[in-house]
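Student: The following comprises the amino acid sequence and a computationally predicted model.
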Number of protein chains: 2
Amino acid sequence: MNLQASSDLSERMAAFENSCRKASLKVTHQRLEIYRELAQAYDHPSAEVLYRRIIKRLPTISLDTVYRTLATLNRHGLISRVQTGESQARYEVERFSHHHAVCRECGAMTDFIWTSFDETQVPATMSGWGEIIKKNVVLEGTCCTCSGKDSGTIFHMPLS
Amino acid sequence: MNLQASSDLSERMAAFENSCRKASLKVTHQRLEIYRELAQAYDHPSAEVLYRRIIKRLPTISLDTVYRTLATLNRHGLISRVQTGESQARYEVERFSHHHAVCRECGAMTDFIWTSFDETQVPATMSGWGEIIKKNVVLEGTCCTCSGKDSGTIFHMPLS
DNA sequence: ATGGGTGCAAACCATTTGCATAGGA
DNA sequence: TCCTATGCAAATGGTTTGCACCCAT
């Protein structure tokens, strides 16, 4: 999953600052830390999980700010809220087009790439629906770790 | 969208009763009415929306029972909880394999069939993930009604 | 300087739960 | 009869909001 080396984090942070300015969002210390943490996370963390990680470096931040910032960044398209059946909303920085597989047992969410799907057209019956912004696949099932048949071929990141 | 005539509703209710017995769930008046209402709904209603519809026929039913019943039926696979980014969970009776297009403006959820997608295999990288139970496409965007370019080719059912 | 952003605490609201009763098996 | 399901009400928990202060622009 580590398709990007951590060395380009500063590059991504710079891009984030630019995006903020373009959207006339103030570049605050809190927003930088929230984005940095999410950009480094590969487990689609919830607001609360993110908060627990950030508070170690930024002890004065409040959970409210994390909620508000995630909502703001999502509204501006800088991050994505991920659809899940769980009670807590989860977020990610979209590094490239990908899809999700969610385990019904443990909630682990695995990214995967499916280029040939990305290139297909939606069926003709949907051509009149409207403007399609995202086209994603969601797999649901039981991951190998939970079914006890872990083959070790898929990387799992625990949800802290 | 009305692929099934209402005349087969009694048939579906009978099948539902059988499924309940098979799962050793008691066939109560409330469960029958909740299922009947959901089986006739084409707008993926939330628990509350469903409750407001059912109470007209069954004035003594409580919202809790609707919540509890939806959770129970979902757990047994008799109905499906639909993934959405909204705060309220929405449900449906799966009549046949289909996918969803969700309008970011009005929340309308449109079903569509995509047989060729249903027949495709997931990418080889996911073969080791685990047991896949569902494989669904979610489209997000702006429906024609909201963008003001309604062509009238897609049927929209308002919520509530 | 000034308007958006933050922290705090209180409010909100969808959903869940404890408990006594009612009704299906 | 026995145990599950229901109704009521209170609790829960993720998320949002009002308000005063602070800080990036």
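Tutor: Now that the structure is in, tell me what you want to look at. Numbers count the residues shown, from 1 in each chain, chains lettered A, B, ... in the order given.
Student: Show me what the lengthiest strand in chain A is packed up against.
Tutor: In chain A, assigned by DSSP state E, the strand with the most residues is strand A:130-143. Applying 3 or more CB pairs under 8 Å, 6 or more residues apart in numbering or on different chains; DSSP states H and E, we find strand A:130-143 packed against strand A:99-103, strand B:99-103, strand B:130-143, helix B:144-147. In short, each C-beta sits where N, CA and C put it, glycine included.
Student: let's go with 7 Å and repeat that
Tutor: Counting by 3 or more CB pairs under 7 Å, 6 or more residues apart in numbering or on different chains; DSSP states H and E, the packing neighbours recorded for strand A:130-143 are strand A:99-103, strand B:130-143, helix B:144-147.
Student: Now tell me what touches it from outside.
Tutor: Contact partners of strand A:130-143, identified using CB atoms under 7 Å, 6 or more residues apart in numbering or on different chains, comprise A:83, A:99-106, A:108, A:114, A:117, A:122, B:83, B:103, B:122, B:129-144, B:147.
Student: Now a PyMOL select for only the buried ones of those.
Tutor: Of these, the buried ones go into a single PyMOL selection, burial set by 16 or more other CB atoms under 10 Å in any protein chain shown:
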select buried, (chain A and resi 83+99+100+101+102+103+108+114+117+122) or (chain B and resi 83+103+122+129+130+135+136+137+138+139+140+141+142+143+144)
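Student: overlap between the contacts of strand A:130-143 and the residues near DNA strand C?
Tutor: Subset of these in contact with DNA strand C: empty, counting by CB under 7 Å from any atom of the strand.
Student: per the record, what domains does chain A have?
Tutor: A:3-82, A:96-147 (automatic domain parsing).
Student: and residue A:43, backbone torsions?
Tutor: Main-chain torsions, residue A:43, degrees, to the nearest 10: phi -120, psi 10.
Student: what pLDDT does it get?
Tutor: Residue A:43 carries a pLDDT value of 91.
Student: these two touch, right, residue A:129 and residue B:110?
Tutor: Yes - between residue A:129 and residue B:110 there is a contact at 6.3 Å, judged by CB atoms under 7 Å.
Student: Contacts for the strand or helix carrying residue A:19 next, please.
Tutor: Take DSSP states H and E as the rule and residue A:19 turns out to sit in helix A:9-22. Helix A:9-22 is contacted from outside by A:27, A:31, A:32, A:35, A:36, A:39, A:40, A:78, using CB under 7 Å, 6+ apart.
Student: buried stuff in that helix?
Tutor: A:12, A:16, A:19, A:20.
Student: Show the subsequent helix or strand relative to that helix.
Tutor: helix A:29-40.
Student: Now that following helix - C-alpha only, PDB.
Tutor: Only the C-alpha atoms of helix A:29-40 are listed here, as PDB (Å, rounded to 0.1, in the frame of the first residue of the first chain):
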ATOM      1  CA  HIS A  29      -1.700  25.000  12.700                       C
ATOM      2  CA  GLN A  30      -4.600  22.700  13.500                       C
ATOM      3  CA  ARG A  31      -5.600  22.200   9.900                       C
ATOM      4  CA  LEU A  32      -2.100  21.400   8.900                       C
ATOM      5  CA  GLU A  33      -1.700  18.800  11.600                       C
ATOM      6  CA  ILE A  34      -5.100  17.200  10.900                       C
ATOM      7  CA  TYR A  35      -4.300  17.000   7.200                       C
ATOM      8  CA  ARG A  36      -0.800  15.700   7.900                       C
ATOM      9  CA  GLU A  37      -2.100  12.900  10.100                       C
ATOM     10  CA  LEU A  38      -4.800  11.900   7.600                       C
ATOM     11  CA  ALA A  39      -2.300  12.000   4.700                       C
ATOM     12  CA  GLN A  40      -0.100   9.600   6.600                       C
END
